[in-house]
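Novice: below is the sequence, then the predicted model.
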Amino acid sequence: MNNIKELLKEQIEFTDGYLDKYLAEKDNPQNIIYKAMRYSVFAGGKRLRPILMMNTCKMCGGDVNEVIPFACALEMIHTYSLIHDDLPAMDNDDLRRGMPTSHIKFGEATAILAGDALLNKAFEVVSQYNGNNPQRAIKAMNMLAVSSGTEGMIGGQIIDMENEQRSTVNGENLRMMYALKTGRLIKTSCVMGCIAAEASDEQVKNAEEYAHCLGLAFQIIDDILDVTGDEAALGKPIGSDAEENKTTFVTLYGIENAREEAVKLTDKAMKILGRFDNNEFLIELTKYLLDRNY
């Protein structure tokens, strides 16, 4: 397999090409909202969720073109959540990916509306799906709504905020919060890829298990990087979790034990991938995410 960084670059550019079309600016009085939406979407994201969806679909023998609208919609939802996370009422961050956050660049009101607009645009895109299986599209839309809502990402964010006021956060609570806030969209990426490929129930179950392990390992590495990472590589100040009184895997278990847990989860994820054919790219991606520095 070619260098994983080069393959990721190609897939990021591929995804960005479609995002650029879906989020084209318009010459009208509300032009500023398009600029704000595009500013955050094209600020240099990993495109992890679209890449997982497309490659899970491919691994299960599906047509990647069938999932492009859903992959882009999921990235819009992820980006909207980052815009809102950065707001003064939430994490109050000034930098994201080395650039001023949306509310610093455009003002708080426009940032809120840009996040709202991306969420709405996501469902606008998937509702216009004209592929081979409309029923599959309806199922995918429901998955997007549930995984980004109170039983998914937003639910996890609420737990995260409440945990800042608690002194008794334990590992079980932390895992549940990560599974919702970070893991749910990652799991949805993989499951939607399977659905698009008309994968078997067993393949869907395996993809869910894989995504659960990957999502938790991904968040644990984020916790570690918040303590040990390089600010230039991360594009934001390190130590923000401690400043915000957040309980993380590092504060509960220490860096060494947190790293060991991420390694165990990654090993389990790769074993699950072994149940699939054509798994080479996702195996390389899984290993790469464990050792990333941003």
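Specialist: Thanks, I have the structure now. Everything numeric in this text was worked out from a predicted model, so none of it was measured.

Novice: can you give the contact residues for the strand or helix carrying residue 268?
Specialist: Using DSSP states H and E, residue 268 maps to helix 255-273. Residues outside helix 255-273 that contact it (C-beta atoms under 8 Å, 6 or more residues apart in numbering): 206, 209-210, 213-214, 216-217, 220-221, 223-224, 227-228, 248-250, 253, 279, 282-283, 286-287, 289-290. Every C-beta, even on glycine, is put in place using the N, C-alpha and C of the backbone.

Novice: list the helices and strands the following helix or strand past that helix packs on?
Specialist: Downstream of helix 255-273, the first helix or strand assigned by DSSP H and E is helix 280-290. For helix 280-290, the elements it packs on are helix 4-22, helix 48-59, helix 201-228, helix 255-273, judged by 3 or more C-beta pairs under 8 Å, 6 or more residues apart in numbering; DSSP states H and E.

Novice: quick revisit: could you turn the buried ones of the contacts of helix 255-273 into a ChimeraX selection?
Specialist: If you want just the buried ones from the contacts of helix 255-273 in ChimeraX, going by 16 or more other C-beta atoms under 10 Å, the selection is:
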select :206,209,210,213,214,216,217,220,221,223,224,248,249,250,253,279,282,283,286,289,290
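
Novice: the helix holding residue 268: which residues count as buried?
Specialist: 258, 259, 261, 262, 265, 266, 268, 269, 270, 272, 273.

Novice: from those residues, pick the one nearest residue 114.
Specialist: residue 262 (32.7 Å; C-beta to C-beta).

Novice: flag the shaky bits of the stretch 1-150 of the chain, pLDDT-wise.
Specialist: 1-2 (pLDDT under 70).

Novice: so who does residue 78 touch?
Specialist: Shown in contact with residue 78 (C-beta under 8 Å, 6+ apart): 45, 49, 185.

Novice: next: residue 86.
Specialist: 92, 93, 96, 101, 102, 103, 111.

Novice: will you turn those residues into JSON lines that also has neighbour count, distance to residue 58 and secondary structure?
Specialist: Shown next, in JSON lines, are the contacts of residue 86 (neighbours: other C-beta atoms under 10 Å; distance: C-beta to C-beta, whole Å; DSSP: H, G, I helix; E, B strand; the rest coil):
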{"residue": "92", "neighbour count": "14", "distance to residue 58": "40", "secondary structure": "coil"}
{"residue": "93", "neighbour count": "19", "distance to residue 58": "35", "secondary structure": "coil"}
{"residue": "96", "neighbour count": "23", "distance to residue 58": "30", "secondary structure": "strand"}
{"residue": "101", "neighbour count": "25", "distance to residue 58": "34", "secondary structure": "coil"}
{"residue": "102", "neighbour count": "28", "distance to residue 58": "33", "secondary structure": "helix"}
{"residue": "103", "neighbour count": "24", "distance to residue 58": "37", "secondary structure": "helix"}
{"residue": "111", "neighbour count": "23", "distance to residue 58": "35", "secondary structure": "helix"}
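
Novice: follow-up on the earlier one: now, of the contacts of residue 78, which are buried?
Specialist: By neighbour count, with 16+ other C-beta under 10 Å, the contacts of residue 78 hold 45, 49, 185 as buried.

Novice: that concludes my questions; thank you for your assistance.
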